[in-house]
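In: below are the sequence and a predicted model; questions follow.
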Amino acid sequence: MKKKILVVEDEEALRFLYEEELREEGYEVLNARNGRDALLQLEAGKPDLIILDIPMPDMNGMEVLNRILEKKRKIPIILNTAYAGYRQDLMSWGADAYVMKSADLKELKEKIREVLEKNTFQ
């Protein structure tokens, strides 16, 4: 069965890129353009993993992460951002991984495999 990944990204071009690349890797992909959409998709789509951008309009990724953790959801989350400074934020430590955005999605894909594999055996 295909693993389902929720990509939360406010930039449309990046959402499209991630969706295309991850589908090629064999994943089912859900998209959300902001934090509010992400929380709705989380309930409706039941993803196996979330790739979460941090700076976004309406509700940023740190707030989304906090809301998911408050609900004690056992879903792995990868923070994916262009801003290294968020790594120092204590809230970011609640995520399973932290990846810097890059045009080359190799690191992100590797981290997805690692996190999904780790969570399969728990």
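Out: Right, received. Where do you want to start? Numbers count the residues shown, from 1 in each chain.

In: for this protein, longest helix please?
Out: In the chain, assigned by DSSP state H, the helix with the most residues is helix 106-120.

In: what residues does it touch?
Out: With contact meaning Cβ atoms under 8 Å, 6 or more residues apart in numbering, helix 106-120 is reached by 3, 5, 18, 21-22, 25, 27, 48-49, 51, 76, 78, 80, 96-97, 99-100, 102. The way it works is simple: take the backbone N, C-alpha and C, and place the C-beta from them, glycine included.

In: one more pass at 10 Å, please.
Out: Helix 106-120 is contacted from outside by 3, 5, 18, 21-22, 24-25, 27, 48-49, 51, 74-78, 80, 95-102, 105, using Cβ atoms under 10 Å, 6 or more residues apart in numbering.

In: list the buried residues for that helix?
Out: Within helix 106-120, the residues that count as buried by 16 or more other Cβ atoms under 10 Å are 108, 109, 111, 112, 115, 116.

In: tell me the one of the residues you listed nearest residue 69?
Out: Nearest to residue 69 among the buried residues of helix 106-120, counting by Cβ to Cβ, is residue 115 at 15.6 Å.
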